[in-house]
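K.L.:
kindly generate the corresponding structure for this input.
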Amino acid sequence: MLAKTFGSAVYGVDASIITVEVNVSAGTKFLMVGLPDNAVKESEQRVESAIKYFGYSMPRIKTVVNLAPADIKKEGSAYDLPIALGILKASGQLTTEALEQYIIMGELSLDGLLRPIKGVLPIAIEARKKGFKGFILPKENASEAAIVDKLDIIGVETINEAIEFVEGRLEIEPLKKDTRSIFEDTYDGYEADFAQVQGQENIKRALEIAAAGGHNVIMIGPPGAGKTMLAKRLPSILPPLNLHEALETTKIHSVAGKLGAHASLVATRPFRSPHHTISDVALVGGGGIPQPGEISLANNGVLFLDELPEFKRTVLEVMRQPLEERRVTISRAKVSIDFPANFMLVASMNPCPCGYYNHPEKECVCPPGTVQRYLNRVSGPLLDRIDLHVEVTPVSFDEMTADRQAETSTQIRERVISARLLQTERFKDHPTIFSNAMMPPPMVKDICQINEAGKKLLKTAMERLGLSARAYDRILKVSRTIADLAGTEEIRIEHLAEAIQYRSLDREGWAG
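P.N.:
As a prediction, the model looks like this:
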């Protein structure tokens, strides 16, 4: 007897429907075909143990399980539940005709309990698109799938509950979630706030400019100056995610299995801070069936690279293309997958190996030439993609103990949102450009025009400070953002002057 159930496979951030065909006929073997990996092949043992636990039996005649389409590799243990129900149906132990109305996914334990799976949100979206009535899945994943409306989300704890439901002996109320309400309740859920930071007003100002224009930023300063603390608070001043961005971010975290049990919508901007020992594959993504890396997990948020020169050179260089294109393409022999990678890069570094070069009080003990070699670990092409270079100095005792109330993240974010609204209007005819940082060079000349006094100042700065040619466009972009924060149409000379000071690493002889 032939039976069919339906599961799904996730490739990139999108899902494809997989038909699980089970045929029980004369013979003695159990065969599984359709390019299953080892985890899928091992489902036979889990399925047999789970159905026996609840009083059902594994057929002792020839059983063929086909995962179609057969030319796509199937990975993971999430096919256990559709395979088990298909076997029970094909062997006559289930009489229901409802199986083909549902997408069914879940990993079985030996006692029939269902374990959570990855990639639930894109599967639910695809199920609704293909016209399925509902989605039967582990109860721990139900909140995530319930983000998708017009689809019955049936969360079950055991295989027996799934059997009883499809047979009509158990009524399970589909889980419903008000996605917009969840989004509105959690979009501002940041614990870190700039009001907790005493002093460092110049660094806060630089991060406000970075947030307003979507600029990448690097902070250079001694240990303990507050670089990491400031970076962690950057998401709290970025404009709130809109619902489309929240769904896109949630899909990526779902595919990577980063949502956790009973989680639903990612409504706050992600902040990812990988350790400097990370590999290039872990950073950009990869694997047999490619999985998203850290740059994709930071999509619509912040990627923070602490101690930038300590990262392997190959790891840093693979970021160059994603920083330009805002996406990363992982190519394999049979498949090529695009992951979104629209993130703000925030990096920090010590000025030298000992950490105290240019320190106002402590003396650097590095030998001659060491500082320059340390800075040279970060390539010019990567620095070329970072708009703001900010020197961070330690906070004095008086600043730390001052009673003055610092600005809150909410106050700063209001100015950032106002500047972003100006940019939205400016780039309304350019659907791929959302912020000043994304402007290509031809557009910079048109939008970032400066008067003769500004040109004279910029020429003087480039000659006297030894700024490199690559700093020219960056200065104009940043000055455009500063003008947006000030609410002015023209770029004034004071806006240019402020932008020039954020090019520390471009100055000739900066490292002595």
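
K.L.:
all helices of the stretch 301-450 of the chain, in order?
P.N.:
For the stretch 301-450 of the chain, the helices defined by DSSP state H, counting those that start in this stretch cover 313-317, 320-325, 370-375, 380-383, 397-400, 409-426, 441-447.

K.L.:
mean pLDDT lowest where, among those?
P.N.:
When those are compared by mean pLDDT, helix 397-400 comes last with a mean of 68.

K.L.:
ok so, going back, export the helices of the stretch 301-450 of the chain to CSV and append columns for mean neighbour count and distance to residue 63.
P.N.:
Every C-beta, even on glycine, is put in place using the N, C-alpha and C of the backbone. Output for the helices of the stretch 301-450 of the chain, formatted as CSV (neighbours: other Cβ atoms under 10 Å; distance: least, Cβ to Cβ, whole Å):
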stretch, mean neighbour count, distance to residue 63
helix 313-317, 15, 47
helix 320-325, 16, 46
helix 370-375, 17, 63
helix 380-383, 16, 55
helix 397-400, 10, 71
helix 409-426, 17, 58
helix 441-447, 12, 62
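
K.L.:
so for residue 65, which of these sits nearest?
P.N.:
Ranking the helices of the stretch 301-450 of the chain by distance to residue 65, with Cβ to Cβ as the measure, places helix 320-325 first at 39.2 Å.

K.L.:
convert the C-alpha atoms of the closest one to PDB, please.
P.N.:
Provided in PDB are the C-alpha atoms of helix 320-325 (Å, rounded to 0.1, in the frame of the first residue of the first chain):
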ATOM      1  CA  ARG A 320      34.900  42.800   1.700                       C
ATOM      2  CA  GLN A 321      32.300  41.700  -0.900                       C
ATOM      3  CA  PRO A 322      29.400  41.400   1.500                       C
ATOM      4  CA  LEU A 323      30.100  44.800   2.900                       C
ATOM      5  CA  GLU A 324      29.700  46.200  -0.600                       C
ATOM      6  CA  GLU A 325      26.800  44.100  -1.900                       C
END
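
K.L.:
which residues touch that helix?
P.N.:
Counting contacts by Cβ atoms under 8 Å, 6 or more residues apart in numbering, the residues outside helix 320-325 that touch it are 216, 284, 295, 328, 341, 345, 381, 382, 385.

K.L.:
can you check stretch 16-24 too?
P.N.:
Looking at what lies outside stretch 16-24 - Cβ under 8 Å, 6+ apart - the contacts are 1-10, 59, 61-69, 72, 74, 79, 82-83, 86-87, 89-91, 103, 126-127, 130.

K.L.:
restricted to strands, list those.
P.N.:
Counting by DSSP state E, the part of the contacts of stretch 16-24 found in strands is 2-10, 62-68, 103.

K.L.:
just the buried residues of these.
P.N.:
Among those, the ones that count as buried by 16 or more other Cβ atoms under 10 Å are 3-10, 63-67, 103.

K.L.:
what is the least confident helix or strand in this structure?
P.N.:
Every helix and strand of the chain was ranked by mean pLDDT, DSSP states H and E. The lowest is helix 397-400, at a mean of 68.

K.L.:
show me how the chain divides into domains.
P.N.:
Domain assignment for the chain by automatic domain parsing gives 2-166, 185-416.

K.L.:
so how far is the first residue of the last one from its last?
P.N.:
The reference is to domain 185-416. 21 Å (Cα to Cα, to the nearest Å).

K.L.:
and if you look at the first one?
P.N.:
Between the start and the finish of domain 2-166 there is a gap of 18 Å, counting by Cα to Cα.

K.L.:
contacts only, for the most centrally placed residue in the chain.
P.N.:
The centroid of the chain falls nearest to residue 297 when counting by Cα atoms, centre = their mean (1.9 Å). The contact partners of residue 297, taken as Cβ under 8 Å, 6+ apart, are 252, 253, 256, 258, 270, 272.

K.L.:
buried residues in the top strand by length along the chain, which are they?
P.N.:
As assigned by DSSP E, the longest strand anywhere in the chain is strand 14-25. Applying a neighbour-count criterion of 16+ other Cβ under 10 Å, the buried positions in strand 14-25 are 14, 15, 17, 18, 19, 20, 21, 22, 23, 24.

K.L.:
buried set for the helix or strand following that strand?
P.N.:
Read in the C-terminal direction, the helix or strand following strand 14-25 is strand 30-33, with elements assigned using DSSP states H and E. Of all the residues in strand 30-33, those buried under the rule 16+ other Cβ under 10 Å are 30, 32.

K.L.:
state the pLDDT value of residue 509.
P.N.:
pLDDT, read off for residue 509, is 48.

K.L.:
before we move on, the earlier item: including distance to residue 496, could the helices of the stretch 301-450 of the chain go into JSON lines?
P.N.:
Supplementary listing: the helices of the stretch 301-450 of the chain in JSON lines, determined by distance: least, Cβ to Cβ, whole Å:
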{"stretch": "helix 313-317", "distance to residue 496": "30"}
{"stretch": "helix 320-325", "distance to residue 496": "25"}
{"stretch": "helix 370-375", "distance to residue 496": "26"}
{"stretch": "helix 380-383", "distance to residue 496": "21"}
{"stretch": "helix 397-400", "distance to residue 496": "29"}
{"stretch": "helix 409-426", "distance to residue 496": "17"}
{"stretch": "helix 441-447", "distance to residue 496": "14"}
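
K.L.:
run a quick neighbour tally on residue 61.
P.N.:
If you count neighbours by other Cβ atoms under 10 Å, residue 61 ends up with 12.

K.L.:
and it, what does it touch?
P.N.:
For residue 61, the contacting residues are 24, 25, 26, 27, 28, taking Cβ under 8 Å, 6+ apart as the criterion.
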